Structures are given as C-alpha cells and as structure tokens.
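> Curious how this folds, go ahead:
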Amino acid sequence: MPARRRWHVGRRAEAASALGGYLVLSVLLYGRGALLRPSSVLVGSGPSRASAGHDQSGFVWFIEWIARSIAHLRDPLSTVAIYAPHGWNLAWATSIPGPAAMLTPVTLLAGPIVSYDVLALIAPALSAWAAYLLCREATRRSDQPAVTHAAPPAPTGAPVDAPRPPRLLSAAAAPAIAGGLLFGFGSYETAETINHPNLAFVALVPTVALLVLRRHRARMSRPRFILALGAVLAAQMLTSTEILATTVMFGAIALALWGALLRGPAARAVAHTAVEAAASLGVAAVLGAPFLYQAFHFGNPVQALTEVGSGLDLANLLTATRATLLPGVGAIFWSARRMHSTLTEQGAYLGLPLIVMLGAFGWSFRRTLAGRWLIAFIACVLVLALGGWPIVQGLGFPSIPLPWRLIGQLPLLRFAVPSRFTLYLWLALAVAGSLWLADGLPARSLLRWALLALVAVSLMPSPASTLWSTNVDRPALLHSHALARYVPQGSTVLALPYGSQGDSMLWQVEAGFAYRMAGGYASFQTPPDYMRFKHLLHALSGNAFKHQLTPRLCAFLRYTGATAILLRDGARGSWRQLLHPLGVTPIAVGGFHVYRLAGSGQTLLRCGFAGS
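Numbers count the residues shown, from 1 in each chain. Next up is the predicted model:
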C-alpha cells in the first residue's frame, strides 16, 4: 500500500476509534439509567429537583411533532396543538428541527423517548469528536507523508514488505483526543446534557473552526470551503439559532484578533478567509430559506426577551455545582447554591488544575502567534460571558457596566444568554490544551499528562443517578379509551400544573395529540396574547396567590376554548382555592382530577360557557 494511502487509512481508523471511545464514555457517564430502560427513562433531570424532567418533556414533544409532520407531509414549524387558539411559531422555539428530522426513523420505530435519549447521549460524543478533529488539525505536524512521485517497481525476486495494518490510535493523536475530552466532557457540556440537547449538541461549532483553519492553510479550495461552511451553518440554524448567532459573532472576533496579530500578506490572507466565511452565510441563508421565512414572516412571539443580565457568576470559575463529582477549591469560600442562574447555566467551572494548565500554556506559548491569539480570544470570551455587569455569588453589580450591556441590545444577539458563551471558552481551552500537550519535551511530558489527569478528575461528572435519569410520567388515563369520554377528540384542554412546572407537553405526546392545549411549554416566555393572564398563569403553575382569580380564569378558559381541565394527582399548588369557585366537581380517574367544563350549569353561569 502506498505510504500516503496507508496514512489516510490510519487516520480514518484513528478517528473512528476516537468516536467509539467518546460514545462509550458518554453512555457510561450519562446514560446508565436510560440504557436499562430506554423507553421509560429520560437522560438528565431538571434544573432543580422540583422541575425534574419538565424541559425534557418539551424536547420530547418537539421530536414527536417533527416526526409526525414529516410522516404526514405537514409544516413542521407551525402548530395549533399548543397555545390555543392561535398556536405557536416553532421557528422561535428550541424545536431542534434538524436533529429531530434526522432522528425521525428512530422516533417512528421506537418512540420520541428513545430518540431523546439517543440525542442526549450522542451530543457529548459528537461534540468531543469534532473538537478532536479540530485539535488534530491544530497540532498537525510531520506525521503526514509528503507527496512524492511513485517509486519504481521492485526488481523481480526482491523482498516485498508486508502491508502493515493501520493503527487505531497513534501517539500523535493523544493530545487531540485529550482536547476532545476537554470540550465534549467539560463543565459546559455536562451542564447542558442535563436537559438542553439543543445547547449540548454543539459538534458543529468546532466543525466551523476546523473548516476555517483548513481553508486558511490552503487545504481546501475556495468553492468547497464556502459551500461546506454554508451547509454547516445551515445545519446549526436548524439545531440552535442562538448558537448560530454566537458562533458567527465569536468567529468574527477570532478572525479579527488573528488578523490583528499578523502583518502584510498573512494579514490579507486572513481577511480573504473572513470574506469567504461571510459569503458562506449567503449559502446558509439559501439552504435555510424555509426556516427563515417561517421565523420572520409570521413574527416572533418572544420579541420582548432580553438576557443582558444573565451573565456567568465569577464564583463558578472555581466552584463546581452538584453536576460535578468534586466541589472545587471555590467551595471553601462560596456556596454553589447561591450562584446566579440555574444548574444548567453554570457551565463555567474550570477548577484549579485546568487554570494551572492554562497558565502553563500561556507561559510556554507566550512568544508564539497561536499562544497570543488563544489567550486574547479567551479573555474576550470571558469578558462577554460576564453579561451586562459582574455577578459574584448571585450578587450583581449593575453600576459596573460591561461591553455586553450594549452588544446585547443588538437584533438576534439580544436573545443570547451570555453565561452560555463559555461554550467558546471550552473550545479554546481544548485547542490550547492539545497544543500544550503536543509541544511537551520527553523530559516534561510526563508532568503535563499528570496535570491533565488531575484536570480530568476535577471535572468528573457526578455519578448521582437522580441527576442523569428521570422516569417518564405516564398517567394511565392518557393510554385509556376512557380519555375520549372526558376529553373529546380535538377539544382543548388546560393541563395543570401549567407550562414549565408540569409535564403537559409530554402528556399530549402520550395521548397521541388527541387534544389541543391551552398553553404549553415551547418557551419560558409568555406569548403576547397570554400576557394579560400573567398573574393567573403564575397561579396555574402551582404558585401561591392572594387575589380572587376566578374572573380571570373564566376569561382565560373562554379565550382558549378549553372544555376540560386535567389536574395531575399530587401536583403542588392551591388548586382547591383556584378551581373550586368554578362549581365543577372533579372526577378522579387515571392519575388526574378531570374538570369537565362544557355542560356544567354552574360553570355556565359563572364563566359564560356555551352548553353542550
């Protein structure tokens, strides 16, 4: 086998082995519960113990809706199944249409629960693998054979070397594999794997960086680069528009920093790459035209949203959350429970060993272009990730303005959560770590790998089963023929607890979309046409209330056309105080208390329903 072909075969075998290893590690860390009961357990949990599984319910709904839409040739990006009477524009939701469409065969064969678990477990593995490919390119040395003219045939009778089997892993791949581990199993990915598959499936981000790096090194032609990058950006559009917007922003920052550190022809080459990357946005817009049309033609139901104050908590850099096995040195001074935001937004934990590694990289590479560029990029990411003002242990300092206070007001970027920018911090750390490990001399290489082992231990995810597995809530009524007796096919239901505090989205899937819903959980923002019921919805979520809400409840039921209320047995809330004034006696059946509204004489008088 020619040397160049043998090299390519070896690299493919190496990449396949790395992917297999990452998949096994992902299942062992996050998927033990789902592996035993794949159709009854969801990977992950809620951002708090009180809301375990509710985010997963929404994503299961999206996966099932996309699969049903494809199977029945319907528009997958709009629905009237939730938020009656007008429905919801799913282009402005975390609807993951790209991954859901790819998983449609699994969904149709095994159900959306299995599809969700597959997505949740391949997300860290594919993200690590894409980072490995990037780090392999960044640490590329002379292990690739030079292109030479074909050697003359050996004389007759001369001994011929036996073909050597390709190596599954080479020593040169070890730093890149370590970089993949840092990115795919670091604090950001661990936090988002809990219940945000749209934010955990970030393999396309290092893929963007890989394409840009290969183009800058002239290893890709211009047309191929523009088309490939455009396709990747379009795929990211169909996975998470927030990640797409921030990838473009941080990509522009990275290229600007790289160009600023260069002079002459090298700087102009970076400028040309930037122009080509901008051209790829046009390709992405063409490929994603149906999605963009749906997003901008039918309006944004969460247009008032802004996340300027949702920056990372500085204490999180040294203080681990309960998603990590060890608490970190920051736990000596700070409490993880007092940190700003929820568990899934606390992905900034680096730990002391990784900070030491970053410092060692900065010192070793201080005179190199790559070292100065990576340190500058990391600094930019950290400043922007702080949000509009510094936050320490949940205490904000709005009097100290930071750049994101202005940048975060720009169109599209105003929807981005700055604490999630740590995604790009972890990608930079992965590249920096792989460069530092690949550059080690034999005498100090052992020390560097020992430090990496400490980093791995400090970032180890918690093995707590309650964190990585949630039992699916399956009330018996939803699978019974009796459902049609209480909830006629196609009627509208108010399922309680409302929104993010209950599993109403999952219940609708379990019922086979037999009914429409008043409300839902496509976003944590209240739809504009629901805003006048804001205080009522707060109470319907199980929260305490003081004022009489019966008139508002009646108005909401009339507006949405709800003919029944399904209250989950055992749900937390002041339900008797809220629902008893309707004058309807609930029927306990199949895990619910069912309030049949249509045809109730007292409800007719109190709320003005039409009799039936």
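> In stretch 529-545, which residues are buried?
530, 533, 536-542 (16 or more other Cβ atoms under 10 Å). Any C-beta I mention is one placed from the backbone N, CA and C, and that applies to glycine too.
> Apologies, that question was intended for stretch 399-407.
Here stretch 399-407 shows 402, 404-405, 407 as buried, counting by 16+ other Cβ under 10 Å.
> low-confidence ranges in the stretch 401-550 of the chain?
440-443 (pLDDT under 70).
> hmm, back to that, which one of the buried residues of stretch 399-407 is nearest Ala279?
Closest approach between those and Ala279, by Cβ to Cβ: Ile407, at 24.1 Å.
> Please name the residues that touch the closest one.
By Cβ atoms under 8 Å, 6 or more residues apart in numbering, the residues touching Ile407 are 384, 413.
> Phi first, then psi, for the residue nearest to Pro586 when sequence neighbours are not counted.
Computed as Cβ to Cβ, 6 or more residues apart in numbering, the closest residue to Pro586 that is not its neighbour in sequence is His593, at 3.9 Å. Per-residue torsions, His593: phi -100, psi 110 (degrees, to the nearest 10).
> who does His593 bridge with?
Leu567, Ala588 (DSSP bridges).
> Thought Ile587 was touching it, still the case?
Yes. His593 lies in contact with Ile587 (Cβ atoms under 8 Å); the separation is 7.1 Å.
> so Leu410 sits in a helix?
No. Counting by DSSP: H, G, I helix; E, B strand; the rest coil, Leu410 is not part of a helix but coil.
> Count the residues that sit near it.
By other Cβ atoms under 10 Å, 11 other residues sit near Leu410.
> Settle it for me: which of His593 and Ile587 has more neighbours?
His593 (18 against 13).
> Go ahead and flag the most central residue of this structure.
Leu199 (1.2 Å; Cα atoms, centre = their mean).
> What's the mean pLDDT across the helix or strand hosting it?
Assigned by DSSP states H and E, Leu199 belongs to helix 197-200. Helix 197-200 shows a mean pLDDT of 96.
> immediately after it, which helix or strand?
Following helix 197-200 toward the C-terminus (DSSP H and E): helix 204-216.
> Ile113: how many residues sit nearby?
26.
> swap that for Gln393, sorry
Neighbourhood size, Gln393 [other Cβ under 10 Å]: 18.
> do the one 3 residues further on as well
Here the number of neighbours of Gly396 (other Cβ under 10 Å) works out to 16.
> what's the answer for Ala555, then?
Neighbour number of Ala555 under other Cβ under 10 Å is 16.
> now do Gly394
14.
> Kindly report the same for the one 4 residues further on.
By other Cβ under 10 Å, 12 other residues sit near Pro398.
> And the pLDDT for it?
pLDDT for Pro398: 91.
> swap in Val41?
In the predicted model, Val41 carries a pLDDT score of 93.
> now swap in Pro265 and tell me
On pLDDT, Pro265 comes in at 89.
> quick one: it from Ala218, how far?
Counting by Cβ to Cβ, to the nearest Å, the gap from Pro265 to Ala218 is 13 Å.
> Kindly report the same for Gly259.
For Gly259, the distance to Ala218 (Cβ to Cβ) stands at 17 Å.
> Looking at these two, which is more packed in?
Gly259 (17 against 9).
> can you pull the contacts of that one?
267, 270-271, 274.
> Repeat that for Thr422.
Counting by Cβ under 8 Å, 6+ apart, Thr422 makes contact with 187-188, 312, 347-348, 381, 385.
> What does the nearest residue to Leu325 once chain neighbours are set aside show for phi and psi?
What sits nearest to Leu325 in space, not counting adjacent residues and going by Cβ to Cβ, 6+ apart, is Met460, at 4.3 Å. Backbone torsions for Met460, taken as degrees, to the nearest 10, come to phi -60, psi 130.
> Return the residues in contact with the closest residue to Ala571 other than its chain neighbours.
Excluding the flanking residues, the one nearest Ala571 by Cβ to Cβ, 6+ apart is Pro497, at 5.1 Å. Shown in contact with Pro497 (Cβ under 8 Å, 6+ apart): 504, 540-542, 568, 571-573.
> Likewise for Val356?
By Cβ under 8 Å, 6+ apart, the contact set of Val356 is Leu451.
> shift numbering so it begins at 291
Will do, 291 is the new start, and the previous item becomes Val646.
> Tell me how far it lies from Leu767.
In this structure, Val646 and Leu767 are 56 Å apart, going by Cβ to Cβ.
> Report the residue ranges of every domain in this protein.
293-430+462-755, 766-897 (automatic domain parsing).
> Report the mean per-residue pLDDT for stretch 378-397.
Averaged over stretch 378-397, pLDDT sits at 94.
> how much distance is there from that stretch to the middle of the chain?
The chain centroid and the centroid of stretch 378-397 are separated by 13 Å under Cα atoms, centre = their mean, to the nearest Å.
> try stretch 837-849
Distance, stretch centre to chain centre, for stretch 837-849: 36 Å (Cα atoms, centre = their mean).
> Then stretch 790-799?
Put simply, stretch 790-799 sits 20 Å off its chain's centre (Cα atoms, centre = their mean).
> just stretch 600-610 next, same as before
Worked out by Cα atoms, centre = their mean, stretch 600-610 lies 19 Å from the chain centre.
> Dump it to CSV, keeping only the CA atoms.
Output in CSV follows, covering the C-alpha atoms of stretch 600-610 (Å, rounded to 0.1, in the frame of the first residue of the first chain):
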residue,chain,number,x,y,z
SER,A,600,-27.8,36.6,32.6
GLY,A,601,-24.0,36.5,32.7
LEU,A,602,-21.8,33.9,34.4
ASP,A,603,-21.2,34.0,38.1
LEU,A,604,-17.5,34.7,38.7
ALA,A,605,-17.6,32.3,41.6
ASN,A,606,-18.5,29.5,39.2
LEU,A,607,-15.0,29.5,37.7
LEU,A,608,-13.6,27.8,40.9
THR,A,609,-16.8,26.5,42.4
ALA,A,610,-18.4,23.3,41.0
